[in-house]
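**Student:** Provided below are the primary sequence and the corresponding predicted coordinates.
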Amino acid sequence: MDKSKIIRIIDANYNRAKEALRVCEDIARFILDHKNLTARFKSARHELTQIILKFPHSYKDIVSERKVSKDVGRTSFKLDKKKMNESDVFASNIQRAQEAVRVLEEWAKVISIPTSKKFQLLRFRLYELEKKTFEKL
């Protein structure tokens, strides 16, 4: 498989995970007013960034493979179902982050097993954060 295609997958899922973690962080910060959970989501988001910055391909190279205007999935997006409350918003975003990190973990195996392991550890941290946050919601 062409590595540029794998790099596009890495880029898309990094963006997806980072955006979802920001939503979760904002829920912890502004809805729950929970300092510790806010810090843990922020830490997870920063850890994700650090993993990408230490990836065998530079961040500049990752972004250079982005092809937004030619992305065949770009126009097939459907609007999410209506969110009823903050629990719904949190659930959809923490699951989005977990799924994206899982994709990063799987595709990193093709390029760097140690990087894949870092994604795996982050994913398990997100499972724990999910549980802790739902205890507060």
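**Tutor:** Everything's here; your move. Being a predicted model, the structure only gives us computed values, none of them experimental.
**Student:** what residues does the worst-scoring helix or strand of the chain on mean pLDDT touch?
**Tutor:** The weakest-scoring helix or strand in the chain, judged by mean pLDDT, DSSP states H and E, is helix 59-64 (a mean of 91). With contact meaning C-beta atoms under 8 Å, 6 or more residues apart in numbering, helix 59-64 is reached by 7, 10-11, 14, 52-53, 55. C-beta coordinates here come from the backbone N, C-alpha and C atoms, glycine included.
**Student:** so how far is it off the chain centroid?
**Tutor:** Helix 59-64 sits 17 Å away from the centroid of its parent chain (C-alpha atoms, centre = their mean, to the nearest Å).
**Student:** before we move on, what about stretch 107-125?
**Tutor:** For stretch 107-125, the distance to the chain centre is 13 Å (C-alpha atoms, centre = their mean).
**Student:** Use 54 as the first number from now on
**Tutor:** New numbering, starting at 54: the last item is stretch 160-178.
**Student:** Which other helices and strands does the host helix or strand of residue 184 contact?
**Tutor:** Here residue 184 sits within helix 166-189, counting by DSSP states H and E. Applying 3 or more C-beta pairs under 8 Å, 6 or more residues apart in numbering; DSSP states H and E, one finds that helix 166-189 contacts helix 88-106, helix 139-164.
**Student:** Just want the angle from it to helix 88-106.
**Tutor:** Using axes from the mean of the first three to the mean of the last three C-alpha atoms, to 10 degrees, the inter-axis angle of helix 166-189 relative to helix 88-106 is 160 degrees.
**Student:** outside of helix 166-189, which residues touch it?
**Tutor:** Contacts for helix 166-189 (C-beta under 8 Å, 6+ apart): 77, 80-81, 85, 87, 90, 93-94, 97, 100-101, 104, 107-109, 140, 143, 147, 150-151, 154-155, 157-159, 161-162.
**Student:** And it, what's buried?
**Tutor:** Buried positions in helix 166-189, judged by neighbour count with 16 or more other C-beta atoms under 10 Å: 168-169, 171-173, 175-176, 179, 182-183, 186.
**Student:** same deal with stretch 83-91?
**Tutor:** Buried-residue list, stretch 83-91, by 16+ other C-beta under 10 Å: 84-85, 87, 90-91.
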